[in-house]
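A.B. asks: Need a 3D model of the following:
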Amino acid sequence: MVSKGIFVLVDHHEVMVGGALFDVSLSWKMLNDILIISDSASDIARYCDLNISKSAVALNLISSLPYYPFQNIPLWDGVNKIHPFCVLKYGKTQEVKQFKNWMSPELNNDVELTLQNIRERFFELLRNHTSSFANISADLSGGVDSATIAYALKAHYADIKLYHAKTDSKWNSDSKWATMIANDMNESLNSLPSIGASGRRFETDMPYSGLTLPDSPVFWADTEGYVENIVHFNENYGNSIHFTGLGGDELFTPMPAYAWSIVRQNRMRSVTFGFQYCLITRTPFLQGISNLMNNTSFKEALKTEIDIGFGHAKLRKKESDLNWFGKITIPAWLVKDYHVPCYQTAMKTLNEISGALDSDRSRHQALESLLFQKRVLSQLNVIYGSLTWIAPFLDSKMIESSLSIPMRYHLESELTKPMLYRAIKGIVPSEVFTRGFKGDYSSFLYKGYKESAKKNIHAVRDFKVVELGIVDPDILVSELSMPTALHNRIVAFERLTAVERWLHNAMSYSS
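C.D. replies: Predicted coordinates:
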């Protein structure tokens, strides 16, 4: 049977269970020789009366850890998560095993055929997802991805609502572009309060909508107010669908390690590219070539960075954008007693995986980010399920086609996302793809942090993470008291508030 994206296949004495390809929400636990499976780890924890895992909570506080493989660590003791692209098999031996059922596609130089497949699949998705809904709406941020979806919907369906979060800064032209696009489509634009005004980025104890507890902290709380406004504007609950552009950047924009991938995909032709890369990025030639030729495996690189982060190895002299991921930093306010369990949990998780999501660094980074975007989409449908939330770019066939395009085709100085432009050519005006820059929203981050620091500096000792002994309140208060804030310190505190909010709700949920 298939229910809410979960399939169960029974063959004699063997059971195979899986979920949607890019969805890793499936959780399981053995209880008295009975296999319990759910798309909600929290429901399993509640049913089995399980405790919150303090070491998993502590590990979630380290924002610099790469999403993969640590997104797979459940926040409840005794609950297991299915690994990405795997299914569970439970047989006569009563042992649960995981088998990988998906591999990244091979590169395909027949780009025209691939683009045709992307176009056909894109419009097929729009037809399939709109046929049974009375109300159709979509984001219109002013960027390429949302504009592509909006124009495509308008080309096939007359009635569509467009939503846009107004910008606070006069230097941000997203609102201007959104207005121009809506006017070009001859559609009204429903302007909602700005992300800064409606976001919940630094909330620590606010309940989730509908008192629903997601399996993991909400790391997109900055847009939560915008999402809730869309829900409130839709009168016909249960018969409305909303489209979002999640996944577009991952499919059609070069990832940070793109140069590393080009060197391997182009082989001998990449020599000239190596020189150009060093020139453009102003990287010393020997250092740049060393970074481009680095073949350290994902597991080896991750082990080294974890060792460095926890003080078991010496610091690197220089970082590179071409690495698998960035530097791992442990927040000063994480209590020392949790360094060892965090390190042990991280290493155990690392040892359980076979390697990267893909041997190519750029494709690994794209897949990792797509898994995160899929989590965001799942949380949207769990927390705000009165609407159906759809992201066409997160469709598995769209992902497979896009990943098969060699990296060099994604680079074009005149166009943003040239492959997407060519795939839907004739639907979206070329001006949308020639916009020189995207709006900046960083001012919201700094302003929100200052306000939250002032608000929480006297409330820190009541935080659940402090109550559990995971966070040192004195060090955290000292950081919040500083007149200036470094970006990594703000990001670390943003992560802390997201985890604190989940913990606050989870402990209320349990009781």
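A.B. asks: Ile44 and Ile34: what is the separation?
C.D. replies: Computed as C-beta to C-beta, to the nearest Å, the Ile44 to Ile34 distance reads 12 Å. For every residue, glycine as well, the C-beta is placed using N, CA and C.
A.B. asks: which one of those two has more residues nearby?
C.D. replies: Ile44 (23 against 8; other C-beta atoms under 10 Å).
A.B. asks: The more buried one contacts Lys29, doesn't it?
C.D. replies: Yes. The criterion here is C-beta atoms under 8 Å, and Ile44 meets it with Lys29 at 5.4 Å.
A.B. asks: Quick check: neighbours shared by these two?
C.D. replies: Ile36, Val79 (C-beta atoms under 8 Å, 6 or more residues apart in numbering).
A.B. asks: quick one: low-confidence parts of this protein?
C.D. replies: Regions of the chain meeting the criterion pLDDT under 70 cover residues 1-5, 169-171, 235-238, 268-269, 317, 436-441, 510-511.
A.B. asks: again, only using 50
C.D. replies: 1-3 (pLDDT under 50).
A.B. asks: Show me it divided up by domain.
C.D. replies: 2-55+70-100, 56-69+111-511 (automatic domain parsing).
A.B. asks: outside of whatever helix or strand Ser191 lives in, which residues touch it?
C.D. replies: According to DSSP states H and E, Ser191 maps onto strand 189-192. Here strand 189-192 makes contact (C-beta under 8 Å, 6+ apart) with 140, 161-166, 175, 178-179, 182, 198, 226, 229-230, 233.
A.B. asks: Among those residues, which pair sits farthest apart?
C.D. replies: Farthest apart among those by C-beta to C-beta are Ala182 and Ser198. That separation is 19.9 Å.
A.B. asks: So between these two, which is more surrounded?
C.D. replies: Each of Ala182 and Ser198 has its neighbours counted (other C-beta under 10 Å); Ala182 has more, 21 against 18.
A.B. asks: For the more buried one, give me its contacts.
C.D. replies: Leu140, Leu162, His164, Ser188, Leu189.
A.B. asks: before we move on, what about Ile37?
C.D. replies: Contacts of Ile37 (C-beta under 8 Å, 6+ apart): Ile6, Val8, Val17, Leu26, Ser27, Trp28, Leu88.
A.B. asks: I'd like to know how far the fourth one sits from Asp33.
C.D. replies: Going back to what we said before, that points to Leu26. Counting by C-beta to C-beta, the gap from Leu26 to Asp33 is 20 Å.
A.B. asks: of the two, who's got more company?
C.D. replies: Legend: neighbour count by other C-beta under 10 Å for Leu26 and Asp33, higher for Leu26 (23 against 6).
A.B. asks: Just confirm that one contacts Gly19, I think it does.
C.D. replies: Yes. If you go by C-beta under 8 Å, Leu26 and Gly19 touch, sitting 4.4 Å apart.
A.B. asks: partners of the strand holding Ser191 in the sheet?
C.D. replies: Using DSSP bridges, the strands paired with strand 189-192 are strand 161-165 (parallel).
A.B. asks: For the helix or strand following the strand it pairs with, output the C-alpha coordinates as PDB.
C.D. replies: The helix or strand immediately downstream of strand 161-165 is helix 174-185, counting by DSSP H and E. Included here for helix 174-185 are C-alpha records, laid out as PDB according to Å, rounded to 0.1, in the frame of the first residue of the first chain:
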ATOM      1  CA  ASP A 174      13.200  42.500  -5.600                       C
ATOM      2  CA  SER A 175       9.900  44.300  -5.000                       C
ATOM      3  CA  LYS A 176      10.400  46.400  -8.100                       C
ATOM      4  CA  TRP A 177      11.000  43.300 -10.200                       C
ATOM      5  CA  ALA A 178       8.100  41.400  -8.700                       C
ATOM      6  CA  THR A 179       5.800  44.300  -9.500                       C
ATOM      7  CA  MET A 180       7.100  44.500 -13.100                       C
ATOM      8  CA  ILE A 181       6.600  40.700 -13.600                       C
ATOM      9  CA  ALA A 182       3.100  40.800 -12.100                       C
ATOM     10  CA  ASN A 183       2.200  43.700 -14.400                       C
ATOM     11  CA  ASP A 184       3.600  41.900 -17.400                       C
ATOM     12  CA  MET A 185       1.400  38.900 -16.500                       C
END
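A.B. asks: can you give me the helices in the stretch 301-450 of the chain?
C.D. replies: Listed in chain order, the helices of the stretch 301-450 of the chain (DSSP state H, counting those that start in this stretch) span 339-351, 361-383, 396-403, 418-423, 442-456.
A.B. asks: Surely Asp205 is in a strand?
C.D. replies: No. According to DSSP: H, G, I helix; E, B strand; the rest coil, the state of Asp205 is coil, so it is not within a strand.
A.B. asks: Could you tell me how many residues sit around the residue nearest to it when sequence neighbours are not counted?
C.D. replies: Closest residue in space to Asp205, ignoring its immediate chain neighbours: His504 at 4.6 Å, by C-beta to C-beta, 6 or more residues apart in numbering. Neighbour count for His504, taken as other C-beta under 10 Å: 19.
A.B. asks: so His504 touches Val465, yeah?
C.D. replies: No. Assessed by C-beta under 8 Å, His504 is found out of contact with Val465, at 9.5 Å.
A.B. asks: any chance you could map the helices in the stretch 51-200 of the chain?
C.D. replies: 54-60, 67-70, 111-130, 144-156, 174-185, 195-198.
A.B. asks: about what we covered before: for PyMOL, what selects the buried ones among the contacts of Ala182?
C.D. replies: Applied in PyMOL, the following selects the buried portion of the contacts of Ala182 according to 16 or more other C-beta atoms under 10 Å:
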select buried, resi 140+162+164+189
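A.B. asks: Just the closest of the contacts of Ala182 to Lys336, please.
C.D. replies: His164 (46.5 Å).
A.B. asks: check contacts around that closest one.
C.D. replies: Here His164 is in contact with 139-142, 174-175, 178-179, 182, 189-192 (criterion: C-beta under 8 Å, 6+ apart).
A.B. asks: Kindly report the same for Val466.
C.D. replies: Counting by C-beta under 8 Å, 6+ apart, Val466 has contacts Val460, Pro473, Leu476.
A.B. asks: who are the neighbours in contact with Phe22?
C.D. replies: So Phe22 contacts Pro84, Leu370, Leu371, Lys374, Leu394, Ser396, Ile399 (C-beta under 8 Å, 6+ apart).
A.B. asks: tally of neighbours for the nearest residue to the third one once chain neighbours are set aside?
C.D. replies: The spatial neighbour of Leu371 that comes closest, neighbours along the chain excluded (C-beta to C-beta, 6+ apart), is Pro84 at 5.8 Å. A count of nearby residues for Pro84, using other C-beta under 10 Å, gives 22.
A.B. asks: Let me know the distance separating Ala259 from Ile289.
C.D. replies: 11 Å.
A.B. asks: Need the residues touching each of these two.
C.D. replies: Counting by C-beta under 8 Å, 6+ apart, Ala259 and Ile289 have no contacts in common.
A.B. asks: okay, these two: which has more neighbours?
C.D. replies: Legend: neighbour count by other C-beta under 10 Å for Ala259 and Ile289, higher for Ala259 (27 against 17).
A.B. asks: wait, doesn't the more buried one sit right on Gln276?
C.D. replies: No. Here Ala259 lies out of contact with Gln276, judged by C-beta under 8 Å, at a distance of 9.3 Å.
A.B. asks: Out of the domains of the chain, indicate the one that is most buried.
C.D. replies: Highest mean neighbour count among those (mean count of other C-beta atoms under 10 Å): domain 56-69+111-511, with a mean of 18.
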